[in-house]
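In: Next input, structure requested:
(chains A and B)
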Amino acid sequence: MKGLWWKITGAVLVLYMIIGGMYFPLSTGILKVEPISLKTGNEFQLSISAYNTSFTQSGNIDIWLYDTLGHVFKMQSPEVISDNFLIASGILPAKFKDNIRTRPLNLLVAHEKHGFSVFPNAVFVSYDSTGTTQSEWNPSIPNHQPAGHITFPFRNILEETIRNTYFHVTLWFALMFIMLGSAIQSTRYLMSSVLKLDNSASALAQVGFLFGILGLLTGALWAKHTWGAYWSWDIKQNMTAIALLIYGAYFILREAVESKPDRARLSAVYNIFAFVMLIPLLYIIPRMADSLHPGAGGNPGLGGEDLDNNMRMFFYPGIIGMTLIGYWIAQLCARYLQLKDKLDAQVFNRINDDNSNQVK
Amino acid sequence: MIKFRMLTTGMLLFLVNFVAAHGTEISWWQTEGKIRVVIGVITLVFLGILLFLVLLERRLSRLEKQLK
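Out: Alright, predicted model coming up:
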């Protein structure tokens, strides 16, 4: 059991993340609203397509249009067509509160069973001077309770791909810890010249590189769904590819030098340089330019509505688990390299002995 | 042999992530029961990787003992 506990912990945490992260449903959401253009003082009908709802069993359903300027409007009781589709109608007040010509309004659908869903900027309402109606804006929306069971946030662009957070993001976190470990081992090698430390640094860099490729691939798949293309030459994608190429050069450098001490010394220095480059390439340069990626260009990274507390219950253990699994693979790699070195040394000694016997 | 196994581990890890990332597309989840298939496949692949790592660890330990 010695030295086994952290491997078991890693495996359990990743399993917990996979099962929990994939099993719990998304909260209810609104996929589509039609029409998107309304006029004040006119009667209208909205077709609302929703996700993960069960309108037929929901009981009382309240539908509101609202904005932050105090325009609040409650629609009439909707006609439920199916579990995920309903039609709501109403007659908008004749005027906005101020002399505004056009306002985007958010849509809120509150239902007894699943809490509530919000669709930002669902409709654009424009002022119509011919519209005449006696209806008034409501004072405010009453508080609605969220769903009582565990759900993950529904985001209109992400939809179910929000679960990729558990793979894509945890891989990048794990990569940072693994590459940090690799740089530390390289530093220790430079201070002590023990070849075992160089093997360990190399093994950690190999696993980090593998995680980087996986992170890039899962990111590309995610980008296809949310941004429309696997690779859109976004600064985050480009800088990530450059960071991985820098590490790719580390492995080429290692293969290019024959002498083990020379190889270890050179690659240790280069490995520290590569890790130092990783930080500006992944975390500083992408934040200095506009980017589609969260954490840059005004998008919140790891916050806002993309990562709520329910997701955090699986996300943080997932990071620890992925890191431990990475260290486990790296440890196996390092042990293999160590065995290879020992075998090489034994073969070398045997050949030397044979040669000296022949000379005698 | 061990290098080949490391490559296989890498491929399996890739498969877990590939299935996970693809399995999250909305059309997959709207049908009842698909979610269980996705969880099952990912869990099985991950358990396969774990088994593989354990076997590799045992073999390395045996080789280390032999060399001592």
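
In: So which residues on chain A come close to chain B?
Out: For chain A, the residues in contact with chain B (Cβ under 8 Å from any Cβ of the partner chain) are A:7, A:11, A:14-15, A:18-19, A:22-23, A:51, A:159-164, A:166-168, A:171, A:206, A:210, A:213-214, A:217-218, A:221-222, A:225, A:328-329, A:332-333, A:335-336, A:339, A:342-343, A:346. Where you see a C-beta, it was placed from the backbone N, CA and C, and this is true even at glycine.

In: What is the neighbour count of A:Ser54?
Out: 15 (other Cβ atoms under 10 Å in any protein chain shown).

In: Name the nearest residue to it, ignoring sequence neighbours.
Out: In space, and not counting its chain neighbours, A:Ser54 is closest to A:Asp83: 4.7 Å by Cβ to Cβ, 6 or more residues apart in numbering or on different chains.

In: quick one: the one you found and A:Phe55 touch, right?
Out: Yes - using Cβ atoms under 8 Å, A:Asp83 is in contact with A:Phe55, at 5.5 Å.

In: Which positions are bridged to A:Ile61 in the beta structure?
Out: A:His111 (DSSP bridges).

In: what's near enough to touch it?
Out: By Cβ atoms under 8 Å, 6 or more residues apart in numbering or on different chains, the residues touching A:Ile61 are A:55, A:77-78, A:80, A:86, A:109-112.

In: now, which of these sits nearest chain B?
Out: Among these, A:Phe55 lies closest to chain B (Cβ to the nearest Cβ), at 15.4 Å.

In: Now do the contacts for that closest one.
Out: Contacts of A:Phe55 were listed using Cβ under 8 Å, 6+ apart, and they are A:61, A:80, A:82-86, A:111.

In: same question for stretch B:52-63, mean pLDDT?
Out: Regarding stretch B:52-63, the rounded mean pLDDT is 92.

In: got it, and stretch A:123-130?
Out: 85.

In: For it, buried residues please.
Out: A:123, A:125, A:127 (16 or more other Cβ atoms under 10 Å in any protein chain shown).

In: The last one touches A:His71, doesn't it?
Out: Pointing back at A:Tyr127 there. No - the pair A:Tyr127 / A:His71 is not scored as a contact, 11.8 Å apart, by Cβ under 8 Å.

In: Common neighbours of these two, please.
Out: Common contacts of A:Tyr127 and A:His71 (Cβ under 8 Å, 6+ apart): A:Phe96.

In: before we move on, the earlier item: which ones among the residues of chain A next to chain B map onto strands?
Out: If you go by DSSP state E, the residues of chain A next to chain B have A:Tyr51 in strands.

In: Buried members of the residues of chain A next to chain B into PyMOL, please.
Out: Per 16+ other Cβ under 10 Å, the buried members of these correspond to this PyMOL selection:
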select buried, chain A and resi 7+11+14+15+18+22+51+159+160+161+162+163+164+166+167+168+171+206+210+213+214+217+218+221+222+225+328+329+332+333+335+336+339
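
In: possible to save the contacts of A:Phe55 as a markdown table with secondary structure?
Out: Formatted as a markdown table, these follow (DSSP: H, G, I helix; E, B strand; the rest coil):
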| residue | secondary structure |
| --- | --- |
| A:Ile61 | strand |
| A:Val80 | strand |
| A:Ser82 | strand |
| A:Asp83 | coil |
| A:Asn84 | coil |
| A:Phe85 | strand |
| A:Leu86 | strand |
| A:His111 | strand |
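
In: of all those residues, which comes closest to A:Ala256?
Out: Comparing the contacts of A:Phe55 against A:Ala256 with Cβ to Cβ places A:Asn84 closest, at 59.6 Å.

In: Tell me how many other residues surround the closest one.
Out: Neighbour number of A:Asn84 under other Cβ under 10 Å is 18.

In: which residues does the closest residue to it other than its chain neighbours contact?
Out: Leaving aside its chain neighbours, A:Asn84 sits nearest to A:Ala50 (5.0 Å; criterion: Cβ to Cβ, 6+ apart). A:Ala50 is in contact with A:28-31, A:84-86, A:109, A:117, counting by Cβ under 8 Å, 6+ apart.

In: out of those, which is most surrounded?
Out: Among the contacts of A:Ala50, A:Val109 has the most neighbours (other Cβ under 10 Å), with 29 neighbours.

In: Cheers, nothing more for now.
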